[in-house]
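A.B. asks: No letters, just coordinates:
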C-alpha cells in the first residue's frame, strides 16, 4: 500500500477526506502520528514544515508541496535535496490564475481603482476610459506552465500578448523574448506588465527602478509571481511620479503584509491577499493523485523542481 504523510495537523482531516474520494487505496496519515513508522512513508505533503521534518522520512519517493512556490522549503538546512520535489499545479490552479490575471488586466485598463475610491466617498463621476483589449499590450515575465496558460487566455480575449523567458520559447501567435539582454526590448511597448516568475537569486529585486524605467509612461503592473521580486519603494516612486498608472499586487515580500506598509493606502494600488490561484481541496488532490500515479508508473511530473533552474 502507498502511504502519504500530511502536515500540518489542522488541515489533515480535509486532506484525508479529499484523498479518500479521489484515491481511496492511498493510505493517508498525519506526519507526526506517534504510531507512524517514518520508513513506511512513500510521499510527504507539506507547505511550511518545521526544520528537519522532511529529513525524518528516509524512504520517500517524492515530496509534494501544497503550493506553487518551493523556495521557502529549500531554506531548511536539513532538506533532503536528493528527493524529488513537486510543485502544486493542476487544471483548476491554472484556470484560476488565467482568470485572475484577465480580471487584473481589465481592472488596470479600465482604471477601476478610481471607481472604487469614488464609491468610498460617494462621488458619482463617470471617469470614462475607451481603451480596449486589442489596443493593449500585455507583457508576461515567466513563460513556464502558468505563464503560457495565461498568455493564451489573454490572447484569446483580444489582448496583444508578448512574453519574456530565461530560455527561448516557441508559442504560436505570441512573441517571446529570451535572456537578460532582451528584457529592455520586451518592456519597450508593454502597457501592462505581469510577473509570473519564480523566486530565484536571479529574480529577487528584479522589478526595480531600472526595470520599470523601460516601460512606456502610464503602464501598469501585476505581480502574481513572488513578493521578493518587487522593490516596493521603487514601485511607489514610479506611481507617485506618474511613470506608472497603477498596480495590482497579490504577493508580498513579507506576508501577511504588515499593517504599516504604505502599499495598503496608496490610491493607485489594489491589494489581494495571496489569493490569485489557490485551487479547491478536491482540485489540489486530483492533481496530486495524478502526480503520485505518474511516479508509481516510473514517470516524473512536469512541475518537478530542478535545481539547475532554481524552481
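C.D. replies: Great, that's in hand. This is a predicted model, so every value here is computed, not measured.
A.B. asks: Report whether residue 246 is found in a strand, as I expect.
C.D. replies: Yes: counting by DSSP: H, G, I helix; E, B strand; the rest coil, residue 246 is located in a strand.
A.B. asks: how about the helices of the stretch 151-300 of the chain, start to end?
C.D. replies: Using DSSP state H, counting those that start in this stretch, the helices assigned to the stretch 151-300 of the chain run over residues 183-187, 209-212, 232-240, 281-296.
A.B. asks: what residue lies at the spatial centre of this protein?
C.D. replies: The chain has residue 225 as the residue nearest its centroid, 4.5 Å off, counting by Cα atoms, centre = their mean.
A.B. asks: Go ahead and confirm it touches residue 197.
C.D. replies: Yes: assessed by Cβ atoms under 8 Å, residue 225 is found in contact with residue 197 at 4.3 Å. For the C-beta atoms, the positions are set from N, CA and C on the backbone; glycine is no exception.
A.B. asks: so how many other residues sit close to residue 159?
C.D. replies: As a burial measure, residue 159 scores 23 neighbours (other Cβ atoms under 10 Å).
A.B. asks: Could I get the contacting residues of it?
C.D. replies: Applying Cβ atoms under 8 Å, 6 or more residues apart in numbering, we find residue 159 in contact with 105, 133-134, 136-138.
A.B. asks: Quick check: PyMOL command selecting the buried ones in those residues.
C.D. replies: Applied in PyMOL, the following selects the buried portion of the contacts of residue 159 according to 16 or more other Cβ atoms under 10 Å:
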select buried, resi 105+133+136+137+138
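A.B. asks: Once you drop chain neighbours, what's closest to residue 285?
C.D. replies: Closest residue in space to residue 285, ignoring its immediate chain neighbours: residue 18 at 4.1 Å, by Cβ to Cβ, 6 or more residues apart in numbering.
A.B. asks: so where's the stretch 1-150 of the chain shaky on pLDDT?
C.D. replies: 1, 8-9 (pLDDT under 70).
A.B. asks: what about the strands in it?
C.D. replies: 3-6, 27-30, 43-46, 62-65, 85-86, 137-141 (DSSP state E, counting those that start in this stretch).
A.B. asks: ok, now how distant is residue 218 from residue 129?
C.D. replies: Distance from residue 218 to residue 129, counting by Cβ to Cβ, to the nearest Å: 12 Å.
A.B. asks: can you pull the contacts of the residue lying closest to residue 90 once chain neighbours are set aside?
C.D. replies: The shortest distance from residue 90 to any non-neighbouring residue, by Cβ to Cβ, 6+ apart, is to residue 287 (2.9 Å). Residue 287 makes contacts with 88-93, 279, as judged by Cβ under 8 Å, 6+ apart.
A.B. asks: Any chance of a ChimeraX selection covering the buried ones in these?
C.D. replies: With 16+ other Cβ under 10 Å as the criterion, this ChimeraX line picks the buried residues out of those:
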select :88,89,90,92,93,279
